[in-house]
Every structure is written in structure tokens, then in C-alpha cells.
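# I would like to see how this sequence folds:
(chains A, B, C and D)
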Protein chains: 2
Amino acid sequence: MLTERRATILGLVVREYVQTAEPVSSKALVDRRGLDVSSATVRNEMARLEDEGYITHPHTSAGRIPSDLGYRTYVQSLMAEEPVGVEEQRTITHQLHQVAGGLDEWLSLTATILAGAVGNVAVVTRPRAVAAGRLRHLQLVELNAETALLVAVMDDGRLRQRLVPLRQPATQTQLLERAARLNARLAGMDGSGARALASDLPDADEAAIARAAAELIEEPRGAEETYLDGLSRALRQPEFADPDRMLDAVARLQAYRLRTLLEGAADAQPGETRVVIGSELAADQMQDWSVVIARYGDPEAAGTVAVVGPTRMAYERTIPRVRYIASLMGQLLHDMR
Amino acid sequence: MLTERRATILGLVVREYVQTAEPVSSKALVDRRGLDVSSATVRNEMARLEDEGYITHPHTSAGRIPSDLGYRTYVQSLMAEEPVGVEEQRTITHQLHQVAGGLDEWLSLTATILAGAVGNVAVVTRPRAVAAGRLRHLQLVELNAETALLVAVMDDGRLRQRLVPLRQPATQTQLLERAARLNARLAGMDGSGARALASDLPDADEAAIARAAAELIEEPRGAEETYLDGLSRALRQPEFADPDRMLDAVARLQAYRLRTLLEGAADAQPGETRVVIGSELAADQMQDWSVVIARYGDPEAAGTVAVVGPTRMAYERTIPRVRYIASLMGQLLHDMR
DNA sequence: AGTTAGCACTCTCGCCCCGAGAGTGCTAAC
DNA sequence: GTTAGCACTCTCGGGGCGAGAGTGCTAACT
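Modelled structure (predicted):
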């Protein structure tokens, strides 16, 4: 049973440990956090908290550190989220509007901003259609006599391109006509529709183009690129003082390893923020890590924003900031279309 | 004066040190490299080499390690390049042809392959026109009644896109006509040409589109994205056993810090491979690093391939592999157009 | 019954010391 | 010019040790 006083103490242990990265002693809590009981009482309560599994001992004569259950309880019941201040909001939106280039730069910038705001590794994935994509429009551009560049605009505004070899050389004007013809029949189609149509077309080149279009439509959602930033900042945390751990962290965070981590939240709704702590992570080897994760966008184009860091993380700051960035991204993505 | 024997010894010291990462003793050289003189003779020669600045002493009773001058001499006169074997060539081209997606995935894959081939950090920059770009073709796609997506195909085949707000709502058909009209006048233009034309156009929307096209053409060559891989592998090198050094390395290698490093080789010719060793690097704080760098492509679209690692690097392997990858990329890039 | 002072006990951490080992530079002989 | 021999230097790892921090328990207090 978590009495009110024990809950308070657990909360203070988490906060103190997150701040100092040192095991928290009973004395430190009384002295620096203004508990109006003696350290002996705190010690008794701590022993109870340890029995119940909320905190642990690195060794006999050291202070306490929160267990995964301790963090979980803190996040769910004890913590008061620290709202994103007006000033901070302004800074973030300001930075976010700096972007001159396309979607990719925007995502990469977002990762940087988020990493800066929470002092940990931030990951952003490219938005992609949850439903299978449809073709909005295609275009052909002459590259040389035997090759055309096929550009497909998807219904989520994403561009995909592919080279198409031509049997019959064609001029740009001919290509434009051909694109117009194909557009009339292909617009709004999904991959299988385009494929079916391709087999109906008498002209070999047009059929090839339609087939290429079908492949572009079905393309595995584009490589799910992830943008990551804040690595060197996060590595400054004392938990990585040991070079083996640091190396381990770098290797794990190479973007492709993160995929599986983030996939777990693919079913989350935009607006929802999930926190996965330590042993709750499916990945066995990431017991010391936590992930704060949110989806942004809508079913037509949704992506993931996440912060990854040691379980000793300032959850009350991280969670609202991830949520805020995700909602901003959702808005901006919506405005783009 | 570097006698032949001293040159041999210097070469052996470099090779041995690169391999073992331990200071090289006179005895080790005689025992393991089959020198047919005694260790005392080697010691004498080493003392000379040290006087002349080719090698140094970490401390009095330790073996020798090459200085930057030592590496430089090795690379320029002593080393025999280890050619990329047929089998390795096959593996590399095979991997390189795996790519399904666009340019970006291709570049990122190349970085991975190169990093794997040399066991160090590999960096690849996006190819960009050295000369100012020209417009090949533009296309307009209806997004909604008030917004169109402007897609510009550059003469190097690169796509650029931008949203253009419309005063007059337009259907896709109208947009197609408009694109055809604009293409007739804009194709082949550079930025200032497009800008000049924009101010001549009577229609406000068309002028806006032409202006947007001008900006796309002049767009700062696209953010010069760099693709980096092999970090965690490189960090396994013993020089990073100290966590401070490791942290330092990670921070430096965040892509944006690398720019200045790579810029130094912007004037290199494709085919040329440059090696910059330790103190030769302009960046003061990278004294322990070397860069092997090559340009690929042609003036119309050129990029950089590089390997970055500790000065203790297997130059005879790295240099030919960087050169090989650069030439492959040049070919592939050429074939794409 | 809950709280607290006091105290013995435990464990870590940093420090020093020291011996083993590796490698050099020098000298003297070949 | 080369080499054996040797004294000398410096690093590195391990053991020992004392200081310090923190706990758990007991007994007294409210």
C-alpha cells in the first residue's frame, strides 16, 4: 500500500535522482527537499518502498534509486507535467519556421529542436500514409531520347520518381500528351488498379509507364527515413561515463535499430503520448532506456516523434514537449495540404 | 636524409602500429617483421628517425609511433596501395545495385558500404551542380482550390518542390496549360533569367509561379546533406577507449561539423584522391584525425566521398577504396542522366 | 504507535605504494 | 658499421588502506 507519505517520498527520490544522477540518501531528502520528518523516518519509509519494489539499492551503503516500477508510478500518478512556457513555445515555433527547404529538412530540423528542448536523443520519422497510397497525378519529363523521368505525386503530396526506358523515342511534347492521357485513367488509383490498367494498355511504352507507376504507388511507403539528433548531448549523461556503455548506446541508436522500438507505437492515436520505461521495452537489451513517443498527423499521413534516453529522464519536461511538438507537426503537415 | 634502410623501418613502424595500435618496439620489428639486423641496430635507426621527425615517443621507455610527417611520408613514398580485389569489387557493386529508392537512399547506402569496406566513418555528400543550375522543366499539381504544388526538374535531374498559393482558383487542366505556357519560356533558364521573366508576366499567379521557380532554381543547391555511417565501428578503435575522447569524436562527427572539413577538397578533380593527415587539417581540434577524400561526378553534378578516422588508419586500404567508390558513383550518376 | 537519536556496520572510492615488465640509450667489444 | 650487454626509466596493474557516506537496528521519547 502506497501511503501518501511514501508516495511523496517516492516522488522526491525520483526528482532528486533525475537531477543529480546519484543514489538518493535519506539525509539528502530531508536537507535539500525540506521534508519535515527526520532522516530515520525517511529511512524506514524507504525500506518499505524497497520492499514494495518502487526503489532499489545499488549496494548496501548507498542511497536509493528508482526502479522501473518507481518511474512508472511517478509518471502515472505523482508527476506534475511542466507545461511548455509561452516563451519556449515562441522559440520553438520560431525555429520551426526557419525552414527553407522541403519536408526532409523540416523533419531534420524538428529532431534538432526537440533534442535541444529535452536534452536527449530525438527521433522523427517521415510521415506516411497509413492507408495504402493513391496516385494524385503523374508527370513525364524527357531526360534523353530513350529515357523519361516518371514523377508521381501521391495523394499525401509526396513525390516519387523513377526512370523509365522508352522503346519509342519521344519528345517532351509527346510525353506531356501521354502523361495527360495516363492521368485521365490513373488518377486516384491504388497500386493494383494501376497494375490492372497496365495490362490493358496496347502501347508498350504506356504499359511500362503504368507498371512503373503501380510500383511507385506500392513502393514500401518509401524507406521509412528517421531523423535523429541530440546524440552527443545525451551521451554526456553520467550513465554513459563507461566507454562500453557509450559505444553500446551509439550502436543501438543508429537509426535502423530504432525502428522496432518505434513500431510499437504505430497504433497510438495522434494526441496520445506514450511512455515506455526500461523493462517495458520489448527490446531486451535496452533495459536502461526509456522512450517517450507520440504520433503526429492523420491517417492520410502520419509519423512518429520520440525522445529516447536513459530511464533517468526528466519525464515531466519531456512528455509535454514531445506532445507539443507532435501537435505542432500535425498542424503544419495539415496546413501543407 | 632518409636512407633506404630507415625508410624500410619507417614503413614497418607505420604498418605495425596501424595493425596493433601499440607503440612499436625495436624487438617487435625484428621478431615479427623479419628484419635481418639486430634490435640494437634498429634502435639506432629509430633514434635517427626520431631526430628527423618521422616518429615519436609517447614516453621514455615505450616503443615508437609515427608522427604526422611519418604518415605523410608513408602515404607518399613508402606505401603500396592494396588494390580492391575482384571479389570485393563484385560485393560492392552488388550491394550498390540493391538500391530500390531514389538518390537519397542510394547515397546513404553508399556511405554504409564504404564504411563497411574500410572500417571507419564514411561520409558522402549529395551531388550538386558546381555551375548554377538550370531549369529543365516545371510542373504544377493541384492540391486544393487555392494551392498548387510546383515541381521543378533541374537539368541534373534533381526534383525541387514548393507550394504556391493561387489567387485565382484553377483546375488541374488549367494548371497543365499554364505549366506548358511557362515551360515554353522558362525551360533552360537560370535563376536570374526566371526572375526577369517573372516581372514581365501580366498574370499575377503566373508571375508568382515564375518567381517561385526562380527561387527553386537558385535554392542554395539544396541543403548540402551529408550521409554518414560507420560511427560505432570506428569508435571501437582503441584511440577512443577514453570516454572523453569518444564523446568528443561523436560530437565532431555530427554531420554539420564535417562540412568545413570536406570543403577543403571542393576544388579537387574527380579521380584525384586527397589525404589530409592530422595537423594538416585546418580544424585545430582534430589533430588526431585523418581524412581521405575524393570528388565524384562532373561539373554538372559533383559530390564528395570521404573516410574519416584516426591518423592511425590503414591508408593503403582506404585510399584505393575511396577512389574506387568515387569512380563507381561517378559512373552511376552519369548513367542516371 | 509513530518518530527520532545514536551507533555499529558495510561498502565504495580514491590514493599510495610497489614490483613486474617492457623498452630504451649507451658503452664496449666484435 | 653492427651487436651484446646492461643500467636506467617509465607504465601499468594489483593490493592495501583509510575516509566517508549511508544504512539498519535498537532503544528512548512523545
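
# could you give the average pLDDT over stretch A:3-18?
Mean per-residue pLDDT for stretch A:3-18: 95.

# is that stretch anywhere near DNA strand D?
No: Stretch A:3-18 does not reach DNA strand D (C-beta under 7 Å from any atom of the strand); its nearest approach is 9.3 Å. Where you see a C-beta, it was placed from the backbone N, CA and C, and this is true even at glycine.

# how far off centre is that stretch?
Distance, stretch centre to chain centre, for stretch A:3-18: 29 Å (C-alpha atoms, centre = their mean, to the nearest Å).

# got it, and stretch A:263-271?
Centroid displacement of stretch A:263-271 relative to its chain, using C-alpha atoms, centre = their mean, is 10 Å.

# with stretch A:288-302 instead?
Worked out by C-alpha atoms, centre = their mean, stretch A:288-302 lies 5 Å from the chain centre.

# mind listing what's buried in that stretch?
A:288-298, A:300-302 (16 or more other C-beta atoms under 10 Å in any protein chain shown).

# farthest pair in those residues?
The span of the buried residues of stretch A:288-302, defined through C-beta to C-beta, is set by A:D288 and A:E300 at 36.9 Å.

# got a list of contacts for the helix or strand bottoming out on mean pLDDT in chain A?
Of the helices and strands making up chain A, the lowest-confidence element is helix A:255-263, at a mean of 74, by mean pLDDT, DSSP states H and E. Residues outside helix A:255-263 that contact it (C-beta atoms under 8 Å, 6 or more residues apart in numbering or on different chains): A:123, A:125, A:224-226, A:228, A:251-252, A:281-283, A:286, A:291, A:293, A:304, A:306, A:308.

# could you list every helix and strand in contact with the strand or helix carrying A:L29?
Using DSSP states H and E, A:L29 falls within helix A:26-33. Applying 3 or more C-beta pairs under 8 Å, 6 or more residues apart in numbering or on different chains; DSSP states H and E, one finds that helix A:26-33 makes contact with helix A:4-20, helix A:39-51.

# highest mean neighbour count out of the ones you listed?
helix A:4-20 (a mean of 19; mean count of other C-beta atoms under 10 Å in any protein chain shown).

# from the contact counts, what lies against that helix?
Helix A:4-20 sits against helix A:26-33, helix A:39-51, strand A:65-66, helix A:68-73, with contacts defined as 3+ C-beta pairs under 8 Å, 6+ apart.

# and A:A184, what element?
Assigned by DSSP H and E, A:A184 falls in helix A:172-186.

# now the helix or strand following that helix: buried residues?
Downstream of helix A:172-186, the next assigned helix or strand under DSSP H and E is helix A:191-200. Residues A:G191, A:G193, A:A194, A:R195, A:L197, A:A198 are the ones in helix A:191-200 that count as buried (16+ other C-beta under 10 Å).

# from A:S199, how far off is the second one?
In this structure, A:G193 lies at 11 Å from A:S199, with C-beta to C-beta, to the nearest Å as the measure.

# excluding its own residues, what touches stretch A:39-50? List them.
When contacts are defined by C-beta under 8 Å, 6+ apart, stretch A:39-50 is touched by residues A:5-6, A:9-10, A:13, A:25-27, A:29-30, A:35, A:55-57, A:64, A:70.

# show me which residues of chain A sit near DNA strand D.
So chain A meets DNA strand D at A:22-28, A:39-40, A:43, A:46-47, A:50, A:57, A:60-64 (C-beta under 7 Å from any atom of the strand).

# the helix holding A:A184 vs chain B: in contact?
Yes: Helix A:172-186 lies within reach of chain B by C-beta under 8 Å from any C-beta of the partner chain, at A:Q172, A:L176, A:A180, A:N183.
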